[in-house]
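1. Need a 3D model of the following:
(chains A, B, C and D)
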Number of protein chains: 2
Amino acid sequence: MKIGKGVERAVHCCTILALLPAGAALPGEALAEFLDVAQPYLAKQLQALSRAGIVTAQSGAAGGYQLARPAQDISLWDVTEALEGTQPLYRSAELRRDGPFGAPPDECLDPCHIETAFMQAEAEYRRTLQAIPITHILHKVRQTMSEDRRLRIRKWIENSSAERV
Amino acid sequence: MKIGKGVERAVHCCTILALLPAGAALPGEALAEFLDVAQPYLAKQLQALSRAGIVTAQSGAAGGYQLARPAQDISLWDVTEALEGTQPLYRSAELRRDGPFGAPPDECLDPCHIETAFMQAEAEYRRTLQAIPITHILHKVRQTMSEDRRLRIRKWIENSSAERV
DNA sequence: ATAATTATGGATAAAACATATCCGCAATTA
DNA sequence: TAATTGCGGATATGTTTTATCCATAATTAT
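-> All right, here's what the predicted structure looks like:
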């Protein structure tokens, strides 16, 4: 586990896609324009979301991305895992095996106790993010955003999206 | 927050120092030998522990390191923080400000909601590690270690340490 | 069919960061 | 005074992250 910049972009993408009218899709280029990032790089994040089954992608004219399931069923952990994978933040160097008093292999069948402790902490991290859906972010954002901006955003999204059956 | 290899080394150092007879100090070179790592690099971790007040260092002949307080009052988080600092794992890129619909500054006084969520998760991570003292690791290790190895380690530590008043 | 649009994924360049190492200096004790 | 030990800056090295480009496959409109 590590949290790169791509995660924040991917979360933004999900929140935007959550505002799409039912059945509509938004091209990656529109998302890139909205977030003001280079389109080829944002594509990387979108592909990761697509592979993870968080969004569905449609090639061709009038294609684009849409959420694969309701936004309330997509957690921040889902997005994080899609982009960063499942490798733990802490990787034991198995220091206990080294040195003049290194532990013999038969005492290293179980994971190192230090590693176990850090894994517990990561599990708590994960658990917290799993409990926060995209809709929570949307809800919070709506509380701060001016009504005017909200409407302009909605209009732009509708204009940039294409109806898909 | 990030967890580099140095953290594991530092934890090992603390567990070893916890086994010292009362009032004894262990030189950094002995610790390096025990862990089978290069002494100049281990020094970096030891200095970090020293700066953080987790160990006390004594220059000069018969000097070395010892724990600054009882091992049960040193948590895995204390050690982690000493080595990696307090920078969060997640750093917001403030993406919300960018693009044609970027949030105006007066809507960005509070931290970004995505950032807030990740900070919550980090707080849980921290809380978990804070609850695990060095003695917990020692206790677990003792359960797995053979009695013979335990005694040999104790003897080596006593031989390599110097009495300090 | 053909052309236009859009996503996919591999290859690569550039920048940032972690890791490891070295060396001179300060502090302490015999 | 000499020997031991910790401190911290400077530096190299290697890996990871970040970003970019390009050729290809898929789909739809005409």
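2. which phi and psi does residue A:65 have?
-> Here is the backbone geometry of residue A:65 (degrees, to the nearest 10): phi -110, psi 150.
3. give the contact list for it.
-> Residue A:65 sits next to A:13, A:17, A:25-28, A:31, A:46, A:49-50, A:55-58 when contact means Cβ atoms under 8 Å, 6 or more residues apart in numbering or on different chains. Yep, even glycine has a C-beta here, placed from its N, CA and C like the rest.
4. Which members of the residues you listed additionally contact DNA strand D?
-> Filtering these for neighbours of DNA strand D using Cβ under 7 Å from any atom of the strand leaves residue A:58.
5. Go ahead and build a PyMOL selection from the buried members of the contacts of residue A:65.
-> The following PyMOL line selects those of the contacts of residue A:65 that are buried, judged by 16 or more other Cβ atoms under 10 Å in any protein chain shown:
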select buried, chain A and resi 13+17+25+26+27+28+31+46+49+50+55+56+57
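6. Out of the contacts of residue A:65, the closest to residue B:94 would be?
-> Using Cβ to Cβ, residue A:13 comes nearest to residue B:94 of the contacts of residue A:65, at 16.1 Å.
7. Please determine how far the closest residue to that closest one other than its chain neighbours is located from residue B:51.
-> Spatially, and ignoring its direct neighbours in sequence, residue A:13 is nearest to residue A:31 (5.5 Å; Cβ to Cβ, 6 or more residues apart in numbering or on different chains). Noted for residue A:31: a distance of 45 Å to residue B:51, by Cβ to Cβ, to the nearest Å.
8. same question, residue A:120
-> From residue A:120 to residue B:51 the distance is 27 Å (Cβ to Cβ).
9. again with residue A:164
-> Relative to residue B:51, residue A:164 is positioned 59 Å away (Cβ to Cβ).
10. higher neighbour count, these two?
-> Legend: neighbour count by other Cβ atoms under 10 Å in any protein chain shown for residue A:164 and residue B:51, higher for residue A:164 (15 against 11).
11. Please look at that one and residue A:25 and confirm they touch.
-> Yes - with contact defined as Cβ atoms under 8 Å, residue A:164 counts as touching residue A:25 (4.9 Å).
12. where do the contact lists of those two overlap?
-> Overlap of the contact sets of residue A:164 and residue A:25 (by Cβ under 8 Å, 6+ apart) consists of A:58, A:62-63, A:66.
13. what about residue A:133, how many residues close to it?
-> Neighbours of residue A:133 (other Cβ under 10 Å): 20.
14. can you pull up the bridge partners for it?
-> Counting by DSSP bridges, residue A:133 is bridged to residue A:75.
15. residues touching it, list them.
-> Residues in contact with residue A:133 (Cβ under 8 Å, 6+ apart) are A:71-76.
16. What parts of chain A come near DNA strand C?
-> Near DNA strand C, when you scan chain A using Cβ under 7 Å from any atom of the strand, you find A:27-29, A:40, A:43-44, A:46-47, A:50-51, A:57-65, A:162.
17. now, which of the residues you listed lie within helices?
-> Judged by DSSP state H, helices contain the following of those: A:28-29, A:40, A:43-44, A:46-47, A:50-51.
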